[in-house]
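J.: okay, sequence plus prediction incoming.
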Amino acid sequence: MKNTKFKLLFFTLLVFAGNLFGQSEISEGVIKMEISDVNSDDQQIAAQLEMMKGTETNYYFNKDKYLVSANMMGGMITMKNLFNVSDEQLTILFDVMGQKMMVESSKEERKASEAEQMEAMEGMEVVYDKSDTKEIMGYKCHKATIKGNDEIPMSFEMYVSEELKATNKMIQGLQAFDIEGFPMEFVMDMGKMSMTYTTTEISKELDASVFEIDSNGYKKMTFEEFQQQMGAMGGGMGF
């Protein structure tokens, strides 16, 4: 993650990849979110962002496993991330227009990358405004903000619900923060562009077979190789 373009792309992917959480009021179920709004003053970027609008991310979870499944740009990019709670093993399936990559990584293999993310976010903190509230999907939410720094010029404005008691300790890239509640809606602002994510559905019903992911046709690579591949893509995707 040596250049800013790669950091922004990889951090964005990790938002999809890493929103793995547990919460006390629902021990298992499905939470669905989508990109409900996109914005950029740059016309070229704005046109590209329109393809991201409507992107769906589904979170399947029980006490043992978590699966995040994202479908972007009308299926041009898909990602599945399976996290095993007991040993923190992470499996990533990433398909970019038919280029299929699979990564199986342990906590130890991700240690250096996670340490770098923590260092990059040094000085950033969560600021709450409990006077700014809204109701989302029947849950009372209040505003929380994370502002970026020179290393990561990105900010989050969130409406979080403490009723869900979600922990962010398994969210890749956000381990440095103790977010009080689950973000039911958030705006990710990266300077030249911003995207709004909104919860569209919450279900307590879960089919455990969803955790049986099909890796047929995927090229296996190490976590380090995957990072390098994302760096190469980041340089040519306009971010």
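T.: Thanks, I have it.

J.: hmm, residue 180 is touching residue 162, no?
T.: Yes - between residue 180 and residue 162 there is a contact at 5.9 Å, judged by C-beta atoms under 8 Å. C-beta coordinates here come from the backbone N, C-alpha and C atoms, glycine included.

J.: more neighbours: these two, which one.
T.: Each of residue 180 and residue 162 has its neighbours counted (other C-beta atoms under 10 Å); residue 180 has more, 17 against 14.

J.: next one: that one from residue 120, what distance?
T.: 23 Å (C-beta to C-beta, to the nearest Å).

J.: low-confidence ranges, the chain, go.
T.: Within the chain, the segments meeting pLDDT under 70 span 1-27, 165-176, 231-239.

J.: where do the helices of it begin and end?
T.: In the chain, the segments counted as helices under DSSP state H are 4-18, 43-50, 111-120, 223-234.

J.: test my guess that residue 96 contacts residue 79.
T.: No - with contacts counted by C-beta under 8 Å, residue 96 stays clear of residue 79, the gap being 9.1 Å.

J.: once you drop chain neighbours, what's closest to residue 29?
T.: residue 204 (4.5 Å; C-beta to C-beta, 6 or more residues apart in numbering).

J.: typo on my end, it should be residue 226
T.: Leaving aside its sequence neighbours, residue 226 sits nearest to residue 103 (C-beta to C-beta, 6+ apart; 4.6 Å).

J.: quick check: bridge partners of that neighbour?
T.: residue 92, residue 221 (DSSP bridges).

J.: for residue 72, same thing?
T.: Under the criterion used (DSSP bridges), residue 72 bridges to residue 77.

J.: how about the closest residue in space to residue 86 that isn't next to it in sequence, what does it touch?
T.: Once flanking residues are discounted, residue 86 sits nearest to residue 64: 7.0 Å by C-beta to C-beta, 6+ apart. By C-beta atoms under 8 Å, 6 or more residues apart in numbering, the contact list for residue 64 reads 84, 85, 86.

J.: quick check: closest non-adjacent residue to the second one.
T.: With C-beta to C-beta, 6+ apart as the criterion, residue 85 has its nearest non-adjacent residue at 5.6 Å, and that residue is residue 64.

J.: before we move on, what about the first one?
T.: On the basis of C-beta to C-beta, 6+ apart, the spatially nearest residue to residue 84 that is not a chain neighbour turns out to be residue 65, at 5.9 Å.
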